[in-house]
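Asker: Sharing a model prediction with you, sequence too.
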Amino acid sequence: TSFSPDAEWNVTFIVYANDSLDNSRITNVSFQIDNANPNVQMITPPITGAYYNDNFRLNIIVQDWHLNYTEYNITNSSGQEMQFNSTSWEDYTTSHTWTDFINISDYSDGNYTITIYGARDVVGNNKTVTAWFVIDTTESTANLNYPTDNFNTSNASINFNWTATDNLDPSLTCNLTING
């Protein structure tokens with residue numbers, strides 16, 4: 001008896017029997033060992049999260065020797081389901097790639113969670129992977145408060161004052177370019 005975690009093997013046992021009268025028999029038994037969970041690779045959106053201000057396509061790869069079901073759903077920060085899809089195979093497949101189109105006009109600005117559920121193989125090994133992304137279609141604003149437009153001065157030193165805001169990002173990077 002031995003145990004190998006995360007194994008997917010084709011195994012064949014061959015038994016050979018021979019008696020003293022030279023009678024012989026060979027028997028073999030083949031079976032598969034599969035105790036490995038399916039693999040889920042999040043490319044778009046990445047597992048670490050991403051910001052989008054335009055439509056995009058999912059690129060999520062699910063792999064296993066005997067994959068027979070996978071699904072995903074996208075929920076907003078309130079838990080409301082925004083998009084769902086699932087697929088299954090009567091026999092099985094070794095790989096499935098989600099490339100569904102995400103039309104952000106169906107989404108308001110904010111945080112979203114995508115969860116790949118199931119990713120299940122024929123013996124019941126499964127995996128669930130979650131990632132996040134942000135839809136942000138509202139442009140940041142930047143206002144130069146001082147000096148005002150057409151300002152004239154003889155001072156060699158001028159203090160600039162500006163205000164920058166964004167609907168989702170409280171920490172903005174602002175640059176001031178003069179004559180450029």
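Answerer: Done, it's in.
Asker: Tell me how far the host helix or strand of N68 lies from the chain's centre.
Answerer: Per DSSP states H and E: N68 is located in strand 59-76. With Cα atoms, centre = their mean, to the nearest Å as the basis, strand 59-76 stands 10 Å off its chain's centre.
Asker: Sort out which residues of the helix or strand just after that strand are buried, please.
Answerer: Using DSSP H and E, the helix or strand that follows strand 59-76 in sequence is strand 81-98. For strand 81-98, a neighbour-count test (16 or more other Cβ atoms under 10 Å) marks 82-83, 93, 96, 98 as buried. Backbone N, C-alpha and C define where each C-beta goes, glycine included.
Asker: of all these, which two lie farthest apart?
Answerer: Farthest-apart pair in the buried residues of strand 81-98 is M82 and T93; separation 26.6 Å (Cβ to Cβ).
Asker: on that earlier part again, quick one: list the elements packing against the strand holding N68.
Answerer: Strand 59-76 sits against strand 24-34, strand 39-44, strand 81-98, strand 110-121, with contacts defined as 3 or more Cβ pairs under 8 Å, 6 or more residues apart in numbering; DSSP states H and E.
Asker: ok, now with 10 Å
Answerer: strand 8-18, strand 24-34, strand 39-44, strand 81-98, strand 110-121, strand 129-135 (3 or more Cβ pairs under 10 Å, 6 or more residues apart in numbering; DSSP states H and E).
Asker: now the longest one, how far from the chain's geometric center?
Answerer: Remark: strand 81-98 is offset 14 Å from the chain centroid, using Cα atoms, centre = their mean.
Asker: Direction included, what does it pair up with?
Answerer: strand 59-76 (antiparallel) (DSSP bridges).
Asker: Restricting the selection to alpha carbons, write the strand it pairs with to PDB.
Answerer: Output in PDB follows, covering the C-alpha atoms of strand 59-76 (Å, rounded to 0.1, in the frame of the first residue of the first chain):
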ATOM      1  CA  ASN A  59      -9.100  34.100 -20.400                       C
ATOM      2  CA  ILE A  60      -9.400  31.300 -17.800                       C
ATOM      3  CA  ILE A  61      -8.000  27.800 -18.400                       C
ATOM      4  CA  VAL A  62      -9.300  24.800 -16.500                       C
ATOM      5  CA  GLN A  63      -7.300  21.500 -17.000                       C
ATOM      6  CA  ASP A  64      -7.600  18.000 -15.700                       C
ATOM      7  CA  TRP A  65      -7.200  14.500 -17.200                       C
ATOM      8  CA  HIS A  66     -10.900  13.900 -16.800                       C
ATOM      9  CA  LEU A  67     -12.600  17.300 -16.500                       C
ATOM     10  CA  ASN A  68     -16.400  16.900 -16.800                       C
ATOM     11  CA  TYR A  69     -17.800  20.200 -15.400                       C
ATOM     12  CA  THR A  70     -16.900  23.800 -14.800                       C
ATOM     13  CA  GLU A  71     -18.700  27.100 -14.100                       C
ATOM     14  CA  TYR A  72     -18.000  30.700 -13.200                       C
ATOM     15  CA  ASN A  73     -20.000  33.600 -11.900                       C
ATOM     16  CA  ILE A  74     -19.300  37.200 -11.500                       C
ATOM     17  CA  THR A  75     -20.800  39.100  -8.600                       C
ATOM     18  CA  ASN A  76     -20.800  42.800  -7.600                       C
END
